[in-house]
Structure formats: C-alpha cells, structure tokens
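> here is my input; please provide its structure:
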Amino acid sequence: MPYTMVSFHAHPDDEALLTAGTLARAAAEGHRVVLVVATAGGAGLASSAVLAEGPLARRRLAELHASAEALGCARVECLDYEDSGMADAPSGAAGAFADADPREAAGRLAALLAEERADVLTVYDPAGGYGHPDHVQVHRVGTLAAQLAGTPVVLEATVDRRLLQRVLRAVHWLPGVPADFHPARFAGTFADPERITHRVDVRRYAPAKRASMAAHASQAGADTGRRTLEILQKLPRPLFRLLMGREWFVQHGRAPGRPLIDDVFAGLRDGR
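Purely as a prediction, here's the structure:
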C-alpha cells in the first residue's frame with residue numbers, strides 16, 4: 001500500500017544530509033514523497049564567488065529542486081520564512097523562522113499535511129541536531145503541525161550520537177578535516193542511541209544521496225574553509241556508501257526496541 005511522507009527541513013541541503021537516502025528509498029518503493037523547507041537558506045555560508053552571482057536564496061531554491069528530482073520527490077514547497085542564521089551569528093532578518101510564532105507556522109504546515117493526507121512527517125530531534133535555531137524550530141513547528149493535522153506518524157531525523165563520535169575520533173586528525181569536527185563538539189548533539197527507534201538501510205540509494213548532496217553546490221565550500229558537503233562528496237564511493245548508508249529516526253510515541261526498525265512506514269503497518 002502506498003503512503004505519503006512529508007519531510008520538513010529548515011534549509012535547502014538539510015534534506016541531503018539527514019534524510020536523502022530514506023526519501024529516495026520511499027520514492028523508489030512507490031510512496032509519495034513531499035519535501036518542505038521553512039526557509040530558502042539566504043543566510044547560509046557560501047564563497048564570495050557564489051555570492052557574486054546573485055541572491056543566495058534564489059540559487060539555493062533551485063538547488064533544492066535539483067536535489068528533489070534526484071531523490072524522486074513528487075512535490076517541493078518553501079514556507080518562505082527568512083533564514084535565521086546561526087545562534088552565534090544571527091541574520092537579524094525580519095520574518096526569521098526562529099522568531100516565528102510556532103502556532104502560526106504550524107498552521108501553515110498543517111494545511112499542507114492535510115492537503116496531502118500525509119501518513120508520515122519527518123522533523124528533527126528536540127535539540128535540532130546540533131542546535132541551529134531554525135532546526136530547533138522545525139522540531140517545535142513540525143510536532144505541533146502533526147497534532148493539528150492528525151498526521152499519525154512523526155519521525156525525528158537524527159544521528160546516532162555514539163556512532164558519530166566514534167567516526168569523528170577516527171578521522172578528525174586527518175589532513176583537511178576541519179578542527180570543529182572534533183568529537184567533543186558533538187557530545188550533546190543529536191540523539192542518545194537509547195532513544196532511537198529506526199535505523200534505515202539506504203546503502204542501495206547511496207548514489208541518489210550523493211547526487212542530492214552534489215545538487216547543493218553553493219554549500220560545498222566557503223571562503224572560511226571546507227564544509228561538510230565538500231568533505232563527504234570527496235569520499236571514495238565505497239567509503240561514502242559505508243558511512244552514509246544508514247539513517248536514524250526516533251518515532252514519537254513508540255518505545256525503542258531491538259532490533260531497530262528498518263521501515264519508516266512500520267508504524268502505519270503495525271499500528272504502533
């Protein structure tokens with residue numbers, strides 16, 4: 001039975017890092033996948049060469065549509081809030097998503113969920129992964145929107161914190177890896193593995209995930225140094241498949257169990 005999944009993100013390129021494999025897998029298995037971003041990402045980091053080409057937000061929306069095509073998404077929407085910037089470098093923009101009334105924003109998203117008759121909504125964990133204000137707001141707004149629309153399954157897209165730190169301990173000393181990739185920086189980010197309910201195998205969809213990342217070319221570099229997308233895209237394909245071949249979620253209202261679930265639609269099929 002085909003279902004509809006709506007994946008809600010803060011900015012273009014967020015879908016590529018946390019959910020691209022899951023979205024590609026769902027689309028390939030015949031489900032309807034809808035990609036929604038709160039902002040066009042106008043306050044994102046980019047090189048001076050990219051910024052000289054024109055408004056960053058316009059370019060990033062075009063990149064979002066290219067990413068969505070690579071993943072097989074059926075629809076792409078932007079809620080048109082302004083990018084809030086980082087916690088330590090706020091954009092100061094009027095209409096910033098992080099400053100929006102959560103109920104107003106949730107109402108807009110809920111209308112889309114109702115229109116699509118969404119079965120599954122993906123948001124972020126309560127910490128917004130690594131604490132970006134817009135990501136935290138995605139959790140608040142998305143959770144409330146699902147309640148308003150009656151969307152039955154809400155999944156927090158996250159990362160197994162313990163595994164992430166293990167990988168960073170292995171690679172942070174390598175040449176070219178930014179200093180802020182130090183494991184200590186991620187000690188309180190993303191999800192405690194004991195909360196995780198789903199580990200989705202997306203190795204088969206690694207090429208689509210890589211294409212999604214490649215679509216966001218404006219975010220692959222900056223004058224201040226190398227960025228995550230740039231580093232990941234330069235990994236040899238077998239290593240990329242190994243490191244990026246699984247995606248993690250926490251389902252609201254479902255007690256964690258073992259083994260972890262490999263199907264984001266399991267909650268619809270088993271009624272839990």
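> immediately after the lowest-mean-pLDDT helix or strand in the chain, which helix or strand?
When the helices and strands of the chain are scored by mean pLDDT, DSSP states H and E, strand 225-226 comes last with a mean of 66. Using DSSP states H and E, the helix or strand that directly follows strand 225-226 along the chain is helix 228-233.
> where does the nearest residue to G30 once chain neighbours are set aside sit: helix, strand or coil?
Using Cβ to Cβ, 6 or more residues apart in numbering and skipping the chain neighbours, the partner closest in space to G30 is P2 (5.1 Å). Placement of C-beta: from N, CA and C, glycine included. On the three-state scheme (DSSP: H, G, I helix; E, B strand; the rest coil), P2 is labelled coil.
> any idea how far A157 is from P2?
From P2 across to A157, the span is 21 Å (Cβ to Cβ, to the nearest Å).
> neighbour count: these two, which is higher?
Just comparing P2 and A157: by other Cβ atoms under 10 Å the higher neighbour count belongs to A157, 30 against 10.
> report the beta-bridge partners for the more buried one.
Bridge pairing for A157 (DSSP bridges) gives the partners Y124, F249.
> show me the contacts for G72.
By Cβ atoms under 8 Å, 6 or more residues apart in numbering, the contact set of G72 is 23-24, 27-28, 33, 208.
> of all the residues you listed, which two lie farthest apart?
V33 and A208 (11.5 Å; Cβ to Cβ).
> which one of the two has more residues nearby?
Neighbours were counted for V33 and for A208 using other Cβ under 10 Å; V33 has more, 25 against 21.
> what about that one, helix or strand, and which?
Using DSSP H and E, V33 sits in strand 32-39.
> give the helix, strand or coil label for E63.
Put simply, E63 is helix when judged by three-state DSSP.
> next, work out how far apart it and C73 are.
E63 sits at a distance of 13 Å from C73 (criterion: Cβ to Cβ).
> and for A27?
Relative to C73, and taking Cβ to Cβ, A27 is found at 7 Å.
> now do the shared contacts for those two.
Listed as contacting both A27 and C73 by Cβ under 8 Å, 6+ apart are V33.
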